[in-house]
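Novice: Just a sequence and a predicted model for now, questions to come.
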Amino acid sequence: MEGMNIFKFKSFFVFDFRRYLKKESIIAFLVVVVILQLFIQYGKNTYLDILKSSEAVQKVEEVKVTQYSLYRQYAAFGIILFLIPSDFSVLFNNSTFEELLSTVNTAERLNIYKSFKGKEYFIERSGYLNFMGILFLLGVFFALTYGKNTTERKDYLKSFSTFSGFRKVFWARVISRLILLNLGSLLLCLISITPLLIENINLFRCASIPLFLGGGLVFSVFFSGGCVIGQLKDRKKRKSRILGFSGRSFKLIVLGLVYFFFVIILPLIANIFIKVKANDIEPLFEFDLYNLKLIQKVEMRLINRFGVLEAGEIPKKEILKAIEEELEKALENEFKEVRERENQRKNKVLRKIKDYQTISSFISSLFYFSICEEVSSNGGLTFIDFYTFSQLNKEKFTEFCFKKLYSGQNLPDTGKIENFFKKKEDGLFFAKSKLPFNFWLGILSAIFYVAILLLISYRMFLNRVIKGDPGKIRDFGFNINRFKFNYLVTADQGLKNQIYNFFSGSGFTSVDIKVDGEDLKQKGCIWLCNPRYIDDELDENALYKALYGKKPDEGIKTWEIMFRFAVENSKGRVIVLDNFFKGLKGKEVEEILRVIREEDIVSLYIGDNYYEAEKLADDELIFSLDDTSVDATKEVAEVLKKDM
């Protein structure tokens, strides 16, 4: 059945693209845009508040210096360093820290209401209440659902496989939907951020391409997972006594569990793991206390040797030189130890951050947020850069203060204190977008997951749709006649699969079908599923144009297009109508029967309505004596078996 090659990749792309143009899809899209706009406005306001806060900090620093009369005061109160995040923080503002500042004095501290210099950084992780978080929640759910819908329509896939071959049908459908999923996500983002671009918040200065690449692959992973869920075996329709749900709900329950696990549970487990791993970092108060003792040791050594200079007292040149030598010695010993301890602590935190990001590269949901954090400059690597910036300024500020304190410049006159910052911007750290550690490992992992999941789905597709479960009915043979309406009464999916396999040669079959009492010279069929399954997937215009290359007549219906095309291309093939009449009107059924009885075609109708079969069939009804799927034929079979 690989002989027909009607539908091209473009056809499937157009089929799915036109679904996006339906009124319901457009309304849903616009609703999502409005929701995301609310979070963008919140993010923009937060970002602007940070900029205002930075200006306020700069003004405070200028005023503070004018209020000091002694460098000892300056050294004690210190300076404030402020982080300005990248523009992308507008889209991902609800991160581990919103405003990051560092108070630097003789013992540097890093505070946002609490310190983040050690394991405290790992205590709070980012939430979902921001643009990228909401996009993730909605995107993952849509990707899973979209993937499930792509592969679960067994009748649709089986029908189209007779037109273009099962390989092309599967891969063209999956790849076209993958492309549309990513294009739709990109379009949604571009529309949402357009107001920001108008306000000169340029998000394209950030690492936007890697972000969209990573985000698109993450959504593709969940789409591929949805394709596997769609291939799960259908459960019986009876209600479960224990769980209380029907078989129809089984796939939705699996989808919900996958969503909940990967979106909520797995990130929570990873966060708990990294918190536990961070417990070996020295507690901050012990760390600062040890550093303070080192600095006090230097101060006491200077006081013991030179005493305390009175206000306005200018020491002799020999003493100044000795003080300078003592300071140089302190910088090479105690202060060097402080720097080394700070670096050790920073590197330990950096290793934990890299551990977390390495774990994230293998978990798609965590990888998504890892990218968002670093691109928005709210991630761990930016935190380390700001930590380093604070350390460098601490060293310079400490050296600056000590030299002023012990060089005779400790004057009490207001306005004589020299500002450490030479320019207003010296206290600002302008963060840049970064990529998480092992970013490309995360990209390769996502590509690997997509490939594996789609291959699994394809394998399941072959076994479930193309080959199918043959069921229990065996050695069933029957004859169908040309110019006759032949009706096979069954609801047994296994028997349907065997009939499909008989014509396709793709799987097990024990069925033997003859035409007008003779063996088929060429096995092949056009399998037409119920038109409603096609109506759910595509519209009449797209279907007609794909089949005939032109626009259809106005008012033509799906069943007409499918049946007409099957008749026109039925040479050497049997037209199999699988419950094709369900949902059609009486006149429409009569028209199909007329064509079957007048045209030179061979057809087989498969249905589960015994009374319809008795009314419409031209010859004796076809059914297996071993078939128990339809009550009426089951009763007839029992009577016939007794008479045999």
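Specialist: Yes, it's here.
Novice: Any idea which helix or strand in the protein has the lowest mean pLDDT?
Specialist: strand 109-111 (a mean of 43; mean pLDDT, DSSP states H and E).
Novice: how many other residues sit next to Asp627?
Specialist: 21 (other CB atoms under 10 Å). (Each C-beta comes from the backbone N, C-alpha and C, glycine too.)
Novice: So it belongs to a strand, correct?
Specialist: No: if the criterion is DSSP: H, G, I helix; E, B strand; the rest coil, then Asp627 is coil and not within a strand.
Novice: Touching, it and Thr633? I think so.
Specialist: Yes: counting by CB atoms under 8 Å, Thr633 is a contact partner of Asp627 at 6.1 Å.
Novice: Common neighbours of those two, please.
Specialist: By CB atoms under 8 Å, 6 or more residues apart in numbering, Asp627 and Thr633 have these common neighbours: Val489, Thr490.
Novice: Quick check: which element contains the most centrally placed residue in the chain?
Specialist: Central residue of the chain (CA atoms, centre = their mean): Phe219, 3.2 Å from the mean position. In the assignment (DSSP states H and E), Phe219 maps to helix 208-230.
Novice: what's the following helix or strand after whichever helix in the chain runs longest?
Specialist: Longest helix in the chain, counting residues (DSSP state H): helix 23-67. Note on helix 23-67: by DSSP H and E, the next helix or strand toward the C-terminus is helix 71-77.
Novice: Tell me which helix or strand comes right after that following helix.
Specialist: Taking DSSP H and E, what comes next after helix 71-77 is strand 79-84.
Novice: Sheet-wise, list the partners of that next one with their directions.
Specialist: When sheet partners are counted by DSSP bridges, strand 79-84 sits next to strand 101-104 (antiparallel), strand 428-430 (parallel).
Novice: about what we covered before: output the helix holding Phe219 as PDB, restricted to C-alpha atoms.
Specialist: What follows is helix 208-230, C-alpha atoms only, in PDB (Å, rounded to 0.1, in the frame of the first residue of the first chain):
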ATOM      1  CA  SER A 208      17.500  35.800  22.600                       C
ATOM      2  CA  ILE A 209      18.500  33.300  19.900                       C
ATOM      3  CA  PRO A 210      19.900  30.600  22.400                       C
ATOM      4  CA  LEU A 211      16.800  31.300  24.600                       C
ATOM      5  CA  PHE A 212      14.300  30.600  21.800                       C
ATOM      6  CA  LEU A 213      16.400  27.600  20.600                       C
ATOM      7  CA  GLY A 214      16.400  26.100  24.100                       C
ATOM      8  CA  GLY A 215      12.800  27.000  24.800                       C
ATOM      9  CA  GLY A 216      11.700  25.600  21.500                       C
ATOM     10  CA  LEU A 217      13.500  22.300  22.100                       C
ATOM     11  CA  VAL A 218      12.000  22.000  25.600                       C
ATOM     12  CA  PHE A 219       8.500  22.400  24.200                       C
ATOM     13  CA  SER A 220       9.500  19.900  21.400                       C
ATOM     14  CA  VAL A 221      10.500  17.400  24.100                       C
ATOM     15  CA  PHE A 222       7.100  17.600  25.700                       C
ATOM     16  CA  PHE A 223       5.300  17.500  22.300                       C
ATOM     17  CA  SER A 224       7.300  14.200  21.600                       C
ATOM     18  CA  GLY A 225       6.200  12.900  25.000                       C
ATOM     19  CA  GLY A 226       2.600  13.700  24.100                       C
ATOM     20  CA  CYS A 227       3.100  11.700  20.800                       C
ATOM     21  CA  VAL A 228       4.000   8.700  23.000                       C
ATOM     22  CA  ILE A 229       1.000   9.200  25.300                       C
ATOM     23  CA  GLY A 230      -1.300   9.400  22.200                       C
END
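Novice: Let me see the mean pLDDT of that helix.
Specialist: For helix 208-230, mean pLDDT is 92.
Novice: Pull out the buried positions in that helix.
Specialist: Within helix 208-230, the residues that count as buried by 16 or more other CB atoms under 10 Å are 208, 210-230.
Novice: And stretch 528-548, by the same measure?
Specialist: Result for stretch 528-548 [16+ other CB under 10 Å]: buried residues 528-534, 537-538, 540, 542-544, 546-547.
Novice: where's it relative to the chain centroid, distance-wise?
Specialist: 30 Å (CA atoms, centre = their mean, to the nearest Å).
Novice: again with stretch 78-87
Specialist: That offset, for stretch 78-87, works out to 32 Å (CA atoms, centre = their mean).
Novice: Ok, stretch 338-352 next?
Specialist: 34 Å.
Novice: ditto for stretch 368-382
Specialist: That offset, for stretch 368-382, works out to 16 Å (CA atoms, centre = their mean).
Novice: so which helix or strand takes in the closest residue to Gln231 other than its chain neighbours?
Specialist: If the residues on either side of it in the chain are set aside, Gln231 comes closest to Met460, at 3.7 Å by CB to CB, 6 or more residues apart in numbering. Under the criterion of DSSP H and E, Met460 resides in helix 439-461.
Novice: packing partners for that helix?
Specialist: Under the contact criterion of 3 or more CB pairs under 8 Å, 6 or more residues apart in numbering; DSSP states H and E, helix 439-461 touches helix 131-152, helix 166-198, helix 208-230, helix 364-375.
Novice: dump the residue contacts of Leu593.
Specialist: Contacts of Leu593 by CB under 8 Å, 6+ apart are Phe485, Leu616.
Novice: before we move on, the earlier item: so the residue nearest to Gln231 touches Val228, yeah?
Specialist: Yes: contact status for Met460 versus Val228: in contact at 6.9 Å, counting by CB under 8 Å.
Novice: residues shared between the contacts of those two?
Specialist: Joint contacts of Met460 and Val228 (CB under 8 Å, 6+ apart) are Thr151.
Novice: Please, which helix or strand holds Val254?
Specialist: helix 250-260.
Novice: avg pLDDT for that helix?
Specialist: 92.
Novice: how big is the angle separating it from helix 364-375?
Specialist: Relative orientation of helix 250-260 versus helix 364-375 (axes from the mean of the first three to the mean of the last three CA atoms, to 10 degrees): 40 degrees.
Novice: counting contacts, what elements does helix 250-260 pack onto?
Specialist: In terms of contacts (3+ CB pairs under 8 Å, 6+ apart), helix 250-260 is packed against helix 131-152, helix 208-230.
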